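Engineer: quick one, structure for this:
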Amino acid sequence: MNPTWFDFLAIPLGRLLKLIYDFLHTAHIPGSYGIAIILLTLIVRGLLLPLYIKQIQSTSKMAEVAPRIQEIQQKYKGDQRKMQEEMLKLYQETGYNPAGGCWPFLVQIPILFALYYVFQNPLVYVLGKSHQYVRDLIQGKAGYAITQTIIDEAQKLGLDMHFFGINLAQKELVVLPILSAATMFLSIWFASNSQKRFNPQYSQSQSNAMAESINRTMMIFSPLMSYFIALQVPAGLVVYWTVTNLFSILQQFVANEVVYKKLKHKKEEEEKKKQLEKQIKREQEKENLNNGKEENQDGEGSGEDLEKKEQEEREKEEQMRKKELEKLKQQMTSSQGGGKKKKK
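Structural biologist: Residues are numbered from 1 along each chain as shown. Take a look at the predicted model:
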């Protein structure tokens, strides 16, 4: 067998598996190879945990940003360039990365390929033999005889690959493929239901409705794919994938109880704060409106007082003119009376 593109991952993973196996085997723990695979799976998933946390944050952001994305799509549906510009502004403003939730899945792909070679060729990747050693060993053999020869040689060198009666270097056609498919289904179903539960806006937008349709499709086809692939690969890889699915369910449960509930509480607090701010704003508007009415009333009252004063002044002037006219009339009457007396 020849070196592969995934040797940079397969070699350290195989060495780590051997280290765990040696510790367990020395302690005379039954099924050491299978338990070592389970522990290796947990270590790998633990190393990927930061990416999973980012995936949770990305999923939460998606639910918040989805309504605004829909608004932009409707507003600029006739202008793709403007739509993309507004989308980019929105992503920069909110810090949302559409590809953020894909990293855990993408990173697992090369790990799966690397582990395939580890379990298929334990002589090289677990026991540290050279590729030339394996080529010399399987010379003249073909097909399944190659795999059986490698397994037999590994067992001669002290590597017991049995786990509850299953040789994890060979294919297992009943129990493990069914477990792989069942855990895959549960993982997708649990993640989908968690999304609906902790993101109420999830089904209220076109993009999230599309995501929900994709989840339903994955819930059917992913377990089937997992089952048929499990029939074709070494049982050790199926153990890894099954434990990975179980670990994903556990991660989702922890996220629901800790992260998502905290995010949900934070959203509720933000909504309460927004409602309170709106209520305060409405009260201020009412107060300003009432103050404006009072000022208008005061203004109208002061106008009436001014008119009253002007009316009083006009009446006073009219009275003064009347008094002056009376005086003039009296003077004229008295002067006419004195002239008549002189004529007599």
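Engineer: hang on, isn't residue 243 packed against residue 38?
Structural biologist: Yes. Counting by Cβ atoms under 8 Å, residue 38 is a contact partner of residue 243 at 5.3 Å. (Each C-beta comes from the backbone N, C-alpha and C, glycine too.)
Engineer: of the two, give the one with the bigger neighbour count.
Structural biologist: The neighbour count for residue 243 versus residue 38, taken as other Cβ atoms under 10 Å, is higher for residue 243 (21 against 18).
Engineer: SS state for that one?
Structural biologist: Using DSSP: H, G, I helix; E, B strand; the rest coil, the structure places residue 243 in helix.
Engineer: name the nearest residue to it, ignoring sequence neighbours.
Structural biologist: Setting aside the residues directly before and after it, residue 243 is nearest to residue 41 in space (Cβ to Cβ, 6 or more residues apart in numbering), at 4.2 Å.
Engineer: burial measure for the one you found, as a count.
Structural biologist: Neighbours of residue 41 (other Cβ under 10 Å): 20.
Engineer: separation between it and residue 74?
Structural biologist: The gap separating residue 41 from residue 74 is 45 Å, by Cβ to Cβ, to the nearest Å.
Engineer: all strands of this structure, in order?
Structural biologist: 162-163, 166-167 (DSSP state E).
Engineer: any chance of CSV for those, columns mean pLDDT and distance to residue 97?
Structural biologist: As requested, the strands of the chain are arranged in CSV below (pLDDT from 0 to 100; distance: least, Cβ to Cβ, whole Å):
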stretch, mean pLDDT, distance to residue 97
strand 162-163, 91, 40
strand 166-167, 90, 41
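Engineer: closest to residue 106 out of the ones you listed?
Structural biologist: Proximity to residue 106 (Cβ to Cβ) singles out strand 162-163 among the strands of the chain, at 29.3 Å.
Engineer: tell me how far the closest one lies from the chain's centre.
Structural biologist: How far strand 162-163 lies from its chain's middle: 40 Å, per Cα atoms, centre = their mean, to the nearest Å.
Engineer: point out where the stretch 1-150 of the chain drops to low pLDDT.
Structural biologist: 1, 59-60, 63-64, 98-101 (pLDDT under 70).
Engineer: can you put the strands of the chain in a markdown table and add distance to residue 93 and mean neighbour count?
Structural biologist: Output for the strands of the chain, formatted as a markdown table (distance: least, Cβ to Cβ, whole Å; neighbours: other Cβ atoms under 10 Å):
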| stretch | distance to residue 93 | mean neighbour count |
| --- | --- | --- |
| strand 162-163 | 52 | 18 |
| strand 166-167 | 53 | 19 |
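Engineer: quick one, helices of the protein?
Structural biologist: Along the chain, counting by DSSP state H, helices occupy 7-26, 32-47, 49-75, 80-94, 103-120, 122-125, 131-137, 144-156, 175-198, 206-230, 235-254, 261-343.
Engineer: what residues of the third one count as buried?
Structural biologist: When neighbours are counted by 16 or more other Cβ atoms under 10 Å, the buried residues of helix 49-75 are found to be 51-52, 55-63, 65-66, 68-69, 72.
Engineer: just the residues you listed now: which is nearest residue 307?
Structural biologist: Nearest to residue 307 among the buried residues of helix 49-75, with distances taken as Cβ to Cβ, is residue 68, at 57.5 Å.
Engineer: the closest one contacts residue 90, doesn't it?
Structural biologist: Yes. Counting by Cβ under 8 Å, residue 90 is a contact partner of residue 68 at 5.9 Å.
Engineer: what is the burial count for the residue lying closest to residue 224 once chain neighbours are set aside?
Structural biologist: Spatial nearest neighbour of residue 224, excluding adjacent residues (Cβ to Cβ, 6+ apart): residue 181 at 7.0 Å. By the criterion of other Cβ under 10 Å, residue 181 has 21 neighbours.
Engineer: ok, now residue 125?
Structural biologist: Neighbour count for residue 125, taken as other Cβ under 10 Å: 26.
Engineer: roughly how far does it sit from residue 48?
Structural biologist: Taking Cβ to Cβ, one finds residue 125 at 20 Å from residue 48.
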